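Chemist: sequence and predicted model, in that order:
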Amino acid sequence: MEGSENDGGTTPIAKWKSEFSRTFQYFLDRSTPHTIQRWLGTLAVAMIYVLRVYYVQGFYVISYGLGIYILNLLIGFLSPKVDPELEALDGASLPTKGSDEFKPFIRRLPEFKFWYAITKAFVVAFVLTFFSVLDVPVFWPILLCYWIFLFFLTMKRQILHMIKYKYVPLDIGKQRYADKKSASSSGTPRD
């Protein structure tokens with residue numbers, strides 16, 4: 001009988017969490033078409049994190065973990081959703097001749113999720129720098145050299161994969177087609 005009063009209603013914390021989640025999702029949805037502004041905001045967050053690590057002169061293990069995580073996200077961003085190596089075993093593969101069917105490049109990790117994950121990673125890493133127990137003393141140049149080594153090895157493997165299966169994950173150098181409105185308005189004026 002005592003618990004029957006609260007059964008129908010929600011707690012204030014759950015109500016606040018739901019409202020906050022809805023508001024946060026609203027602003028995320030509104031930011032979707034503003035790619036450049038989103039990445040500039042992430043760059044600002046990254047610079048704040050770098051300045052924090054520089055002034056504290058520590059938290060190199062957290063920075064190394066952040067670098068590995070970002071490298072993992074980058075691989076997902078540059079990889080196709082369906083791996084051509086696995087698809088080749090099934091008989092279907094990316095088009096290699098002009099007569100083959102065109103298949104657009106679809107990323108395993110879309111740009112928006114890539115941006116959101118990187119931004120969230122920098123924010124979490126920044127918060128972790130306030131806990132001194134996580135400031136493990138290490139010789140940071142070794143971590144940096146090892147990360148650079150991993151980066152070049154991973155990128156070499158990814159680039160060789162791109163060359164082997166003939167796909168380009170970036171829009172740079174790809175042909176763009178004008179929409180119908182632009183094409184009709186660029187013609188000669190009629191009198």
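Modeler: Noted; the coordinates are in hand. Every value quoted in this text rests on a predicted model; they were computed, and no experiment measured them.
Chemist: mind listing what's buried in stretch 56-74?
Modeler: 58-67, 70, 73-74 (16 or more other CB atoms under 10 Å). The way it works is simple: take the backbone N, C-alpha and C, and place the C-beta from them, glycine included.
Chemist: so of the residues you listed, which ones are in strands?
Modeler: Of these, none are assigned to strands by DSSP state E.
Chemist: including distance to residue 142, could the residues you listed go into TSV?
Modeler: As requested, the buried residues of stretch 56-74 are exported to TSV (distance: CB to CB, whole Å):
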residue	distance to residue 142
58	15
59	16
60	10
61	11
62	16
63	13
64	10
65	15
66	17
67	13
70	19
73	24
74	22
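Chemist: confidence score at the residue nearest the centre of the chain?
Modeler: What sits nearest the mean C-alpha location of the chain, by CA atoms, centre = their mean, is residue 114, with 1.3 Å. As predicted, residue 114 sits at a pLDDT of 95.
Chemist: C-terminal to the lowest-mean-pLDDT helix or strand in the chain, what's the next element?
Modeler: Within the chain, no helix or strand scores below helix 4-7, which has a mean of 49 by mean pLDDT, DSSP states H and E. The C-terminal neighbour of helix 4-7 among helices and strands, as given by DSSP states H and E, is helix 12-31.
Chemist: what ranges do the helices span in the protein?
Modeler: 4-7, 12-31, 35-56, 60-78, 84-90, 111-128, 140-165, 180-185 (DSSP state H).
Chemist: fine, thanks again, bye for now.
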